[in-house]
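Peer 1: Sharing a model prediction with you, sequence too.
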Amino acid sequence: MSSRRIVIVAMALSAGLCLAQFRSRRDFEPPADGSGHMVRIEGGLVVNEDEIHTARETASHSSGTPNWTNAPGFENDVFTFTRVIFQSNPAPRNGSGWGRGRFRWLGWWVDYPDADLNFSYRLQQVTALKTDPDARVVKLTDPTVFDYPLLYMEHAGYMRLSEDEVAALRKYLLGGGALLVNDFWGIDEGTGRN
């Protein structure tokens, strides 16, 4: 096989693998009893947003994540990476010209759980901080949200918060909590004009 064919085959396989993770997030059967809010995350895994609490509970969708422990007696004296679960608005409010809302189907789960655990591990490697080897996944209405000094939101451009979530986030921030919001695709997402 020529090197040109090898490159073409490799590109086709790579494209197929990339597109496979972006198939519809709702093409699965929810539980018959109606329990939980199910979402398909990268790698095709399905998680119940009402039942997950740590990144370690979800299987890696890439090449795996590091495992580590902290010294006995200091398990709670650590920095905990804390990702916020939120709902995304699937339909645009102000039209849908080409390019508007292309990434609406992306949500809190992008790069979860691998990024959470890899970031935590690398932070511990390159600083004097000790980090929680499990990381956390919380909803804004979870009372434990106030236990974490920093919250992380991924792909929040089309985030839809309930009144209770808005009130909880306001209370968290006014109480001294910090929020890191990451990964906006264009001005509409970054400014909330969606």
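Peer 2: Sure thing, it's come through. Numbering: from 1, shown residues only.

Peer 1: Extract the residue ranges of the protein that are flagged as low pLDDT.
Peer 2: 1-36, 90-105, 185-194 (pLDDT under 70).

Peer 1: where along this protein do the strands fall?
Peer 2: With DSSP state E as the criterion, the chain has strands at 38-40, 46-48, 82-85, 87-88, 136-139, 150-154, 159-160, 178-182.

Peer 1: Direction included, what does the last one pair against?
Peer 2: So that's strand 178-182. strand 150-154 (parallel) (DSSP bridges).

Peer 1: hang on, isn't residue 66 packed against residue 117?
Peer 2: Yes - using Cβ atoms under 8 Å, residue 66 is in contact with residue 117, at 6.7 Å. Any C-beta I mention is one placed from the backbone N, CA and C, and that applies to glycine too.

Peer 1: Looking at these two, which has the bigger crowd around it?
Peer 2: residue 117 (26 against 12; other Cβ atoms under 10 Å).

Peer 1: so what's the more buried one up against?
Peer 2: 55-56, 60, 65-66, 133, 135 (Cβ atoms under 8 Å, 6 or more residues apart in numbering).

Peer 1: rerun at 7 Å
Peer 2: 55, 65-66, 135 (Cβ atoms under 7 Å, 6 or more residues apart in numbering).

Peer 1: can you count the residues close to residue 115?
Peer 2: Neighbour tally, residue 115, other Cβ under 10 Å: 19.
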